[in-house]
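> sequence and predicted structure, then a few things I'm wondering about:
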Amino acid sequence: MSEPIIYEISSPGRVGVNLPECDVPESTLPTDLMRDDLALPEVGELQVVRHFVKLSQLNYAIDKGFYPLGSCTMKYNPKVNEDAARLPGLAQLHPLTDIEGSQGALYLMYELQKWLGEISGFEGVSLTPAAGAQGEFAGILMIRNYHVDRDEPERDIILVPNSAHGTNPATVTMAGLKVHELPADEEGNVDLDALKAACEGDLRGRIAGMMITVPSTLGLFEGHILEVIETVHEAGGLMYMDGANMNALMGVVKPGELGFDVMHYNLHKTFSTPHGGGGPGSGAVGVGDKLKPYLPGPIVDIVEPAEGEDDAPLYGFVMPENSIGRMKAFHGNFGMHLRAYAYIRVYGDSGIRDVTRHAVLNANYLRAKLMKTYKVPYPRYCGHEFVMEGHFDDAPDIHALDISKRLMDYGFHPPTNYFPLIVPEALLIEPTETETKEALDAFVEAMEKIAEEARTNPELLHDAPHTAPVKRLDEVRAAKELILCCAPALPEGGD
Ligand SMILES: *Cc1c(COP(=O)(O)O)cnc(C)c1O
């Protein structure tokens with residue numbers, strides 16, 4: 001950035017720290033490492049506290065209200081997870097601590113691997129990928145290496161439905177493979193004819209696999225999933241499941257048992273670790289027997305003592321035989337592993353199933369209520385989320401974005417806008433399992449009022465939000481031309 005950062009509340013000489021007298025001999029710092037062009041703010045403690053508290057209050061958060069951001073599973077993060085992740089013995093454990101000194105942490109990771117495998121029906125799990133997208137990348141690299149090792153390097157095509165999350169085709173491209181897009185049929189399932197044409201036609205020998213989200217990003221369970229899996233396997237391809245929507249499956253359906261070969265979990269979605277500005281995430285991957293030797297490492301296993309030694313077995317790190325390698329420094333985002341561990345532990349077996357059932361029930365409740373006022377393109381039972389169209393035939397100037405911005409005036413976080421791409425003016429709504437009926441009813445009431453305003457007072461929607469600290473942003477410019485300031489009040493107009 002060329003312009004120096006201006007801290008308006010800085011005042012020369014003001015300090016927020018009070019250091020004790022120096023009780024060691026002073027020495028000079030190497031001058032070549034010293035910089036005097038850093039415009040650091042000079043502020044007192046109270047000003048710092050007020051500044052950050054004010055910022056936090058400008059922010060919308062799951063702890064403040066309903067946050068139905070579809071595809072993201074912005075679920076409540078139980079505070080006990082945070083306590084677990086902050087236990088000093090775990091939080092302050094250095095990643096280079098020796099194996100004997102990290103047995104407790106390794107035990108937790110081992111158990112988490114086991115439970116994730118159990119929940120999804122996979123033999124092997126690696127916790128190392130740092131996000132869903134990195135889990136996808138790991139999965140596609142495993143598939144690629146699997147074919148290369150079987151002397152079929154010409155398999156370079158991954159089938160991807162057109163409802164897919166943008167990371168899916170991006171992952172395929174980054175892994176050096178090619179995307180072949182599949183259309184959806186009228187019910188929102190993968191078009192089986194198109195799938196068969198790809199798997200049985202000219203491309204047959206080039207199919208490396210298929211990436212599919214279940215339930216799909218339309219919130220719909222793929223009606224022909226077994227047939228889809230069989231068709232791809234038949235053609236010699238492997239099946240990748242994007243597991244971002246496990247909130248609609250865990251405790252009820254195991255993707256490994258359906259026949260999937262590999263899947264990523266978004267621990268920061270399904271297993272409640274915070275995300276969305278609060279990251280980092282964790283995109284653990286699970287695999288069946290074919291891909292187990294390719295898992296990214298290191299993974300935690302029980303390591304038996306060497307021959308002739310009578311030490312007890314210990315938890316230790318191992319690299320799988322044909323591992324695609326490391327995805328990340330050290331062992332992945334351990335703090336996220338702890339939160340997911342705590343989450344699963346607290347709920348237990350039947351609790352995990354209830355999470356899914358309530359997530360699906362809440363989504364279907366909202367869908368049934370909102371279908372009276374909004375167009376729902378696929379009016380069948382949904383999973384944990386559903387998609388609506390944010391426009392009305394008799395209010396042609398109103399778009400999904402106007403509805404979302406107006407929702408902010410009613411105190412709600414907007415749903416996901418304009419995704420999935422195959423639905424015009426899409427509003428993707430995911431209530432999650434922890435919301436009460438009262439919260440859902442209040443949301444429905446606001447959405448109904450907005451639908452009425454769209455007809456009677458469209459300007460109200462076009463000018464929304466009216467209550468937010470900033471209005472409609474030029475999001476691209478805001479990200480590219482960052483202006484940092486501490487201004488207590490934002491300039492007129494706010495944007
Ligand atoms: C969130 C999401 C991803 C990507 O996960 P990140 O953790 O954000 O990288 C992939 N697919 C679907 C369907 C998602 O919802």
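Structure's in. What do you need?
> can you give me the domain boundaries for this protein?
Here the domain parsing of the chain from automatic domain parsing is 79-345, 351-479.
> including distance to the ligand and mean neighbour count, could those go into CSV?
Every C-beta, even on glycine, is put in place using the N, C-alpha and C of the backbone. Formatted as CSV, the domains of the chain follow (distance: least, C-beta to the nearest ligand atom, whole Å; neighbours: other C-beta atoms under 10 Å):
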stretch, distance to the ligand, mean neighbour count
domain 79-345, 2, 20
domain 351-479, 9, 18
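> so which of those is nearest residue 14?
domain 351-479 (26.3 Å; C-beta to C-beta).
> how far does that closest one stretch from start to finish?
Its first and final residues considered, domain 351-479 spans 41 Å by C-alpha to C-alpha, to the nearest Å.
> if we can go back for a sec, want to throw the domains of the chain into JSON lines with mean pLDDT?
Output for the domains of the chain, formatted as JSON lines (pLDDT from 0 to 100):
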{"stretch": "domain 79-345", "mean pLDDT": "95"}
{"stretch": "domain 351-479", "mean pLDDT": "96"}
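> and the nearest residue to residue 15 once chain neighbours are set aside, how far is that from the ligand?
Nearest residue to residue 15 in three dimensions, chain neighbours excluded: residue 42, at 6.7 Å (C-beta to C-beta, 6 or more residues apart in numbering). Using C-beta to the nearest ligand atom, to the nearest Å, residue 42 is found at 38 Å from the ligand.
> returning to what we had before: ok, which of the domains of the chain comes nearest residue 51?
With C-beta to C-beta as the yardstick, what comes closest out of the domains of the chain is domain 351-479 (14.4 Å).
> and that closest one, how far out from the chain's middle?
20 Å (C-alpha atoms, centre = their mean, to the nearest Å).
> check stretch 177-197 too.
With C-alpha atoms, centre = their mean, you get 25 Å for stretch 177-197.
> distance between the ends of that stretch?
Counting by C-alpha to C-alpha, the terminal residues of stretch 177-197 are separated by 20 Å.
> go ahead and name everything in contact with it.
For stretch 177-197, contacts defined as C-beta atoms under 8 Å, 6 or more residues apart in numbering pick out 140, 144, 156-163, 169, 172-173, 198, 203, 208, 212, 216, 218, 220, 222-224, 227-228, 231-232, 377-378, 380, 422.
> hmm, try it at 7 Å
140, 144, 156-163, 169, 172-173, 198, 203, 208, 216, 218, 220, 222-224, 227-228, 231, 378, 380, 422 (C-beta atoms under 7 Å, 6 or more residues apart in numbering).
> same check on stretch 99-108?
By C-beta under 7 Å, 6+ apart, stretch 99-108 touches 89-90, 93, 300, 314-316, 334, 337-338, 341.
> would CSV of the residues you listed with distance to residue 286 and secondary structure be doable?
Formatted as CSV, these follow (distance: C-beta to C-beta, whole Å; DSSP: H, G, I helix; E, B strand; the rest coil):
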residue, distance to residue 286, secondary structure
89, 28, helix
90, 24, helix
93, 25, coil
300, 14, strand
314, 24, strand
315, 19, strand
316, 21, strand
334, 18, helix
337, 14, helix
338, 19, helix
341, 16, helix
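> rewinding a little: pretty sure the residue nearest to residue 15 contacts residue 9?
No. If you go by C-beta atoms under 7 Å, residue 42 and residue 9 don't touch, sitting 9.3 Å apart.
> hang on, the earlier thing: just put the contacts of stretch 99-108 in TSV and tack on distance to residue 118.
Listed next are these as TSV, based on distance: C-beta to C-beta, whole Å:
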residue	distance to residue 118
89	26
90	23
93	26
300	15
314	23
315	18
316	22
334	21
337	16
338	18
341	13
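> a markdown table for the domains of the chain, including distance to residue 55?
Below are the domains of the chain laid out as a markdown table (distance: least, C-beta to C-beta, whole Å):
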| stretch | distance to residue 55 |
| --- | --- |
| domain 79-345 | 11 |
| domain 351-479 | 10 |
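> mind checking which of those is nearest residue 53?
domain 351-479 (14.1 Å).
> now do the same contact list for residue 339.
Residue 339 neighbours (C-beta under 7 Å, 6+ apart): 81, 84-85, 272-273.
> got phi/psi on the residue nearest to residue 15?
phi -110, psi 100 (degrees, to the nearest 10).
> residue 159 should be in a strand, yeah?
Yes. Counting by DSSP: H, G, I helix; E, B strand; the rest coil, residue 159 is found in a strand.
> how close does it sit to residue 238?
Here the criterion is C-beta to C-beta, to the nearest Å. By it, residue 159 lies 11 Å from residue 238.
> kindly report the same for residue 114.
23 Å.
> same deal with residue 156?
13 Å.
> residue 295 too?
From residue 295 to residue 238 the distance is 14 Å (C-beta to C-beta).
> now swap in residue 23 and tell me
On the measure of C-beta to C-beta, residue 23 and residue 238 end up 64 Å apart.
> and the strands in the stretch 351-495 of the chain, which stretches?
386-389, 416-417, 426-429 (DSSP state E, counting those that start in this stretch).
> to residue 473, which of those lies closest?
strand 416-417 (13.6 Å).
> just checking: what are the partner strands of that closest one?
strand 426-429 (antiparallel) (DSSP bridges).
> got the angle for whatever helix or strand residue 198 lives in vs strand 157-161?
Secondary structure from DSSP states H and E places residue 198 in helix 192-200. Relative orientation of helix 192-200 versus strand 157-161 (axes from the mean of the first three to the mean of the last three C-alpha atoms, to 10 degrees): 180 degrees.
> so how far is helix 192-200 from its chain's centroid?
Counting by C-alpha atoms, centre = their mean, helix 192-200 comes out at 30 Å from the chain centroid.
> ok, stretch 131-149 next?
Worked out by C-alpha atoms, centre = their mean, stretch 131-149 lies 18 Å from the chain centre.
> try stretch 305-325
32 Å.
> just the terminal-to-terminal distance for that stretch.
Span of stretch 305-325 from end to end, C-alpha to C-alpha: 25 Å.
> list of residues touching that stretch?
Identification of contacts with stretch 305-325 by C-beta under 7 Å, 6+ apart yields 99, 103, 106-107, 110, 138, 141-142, 145, 149, 292-304.
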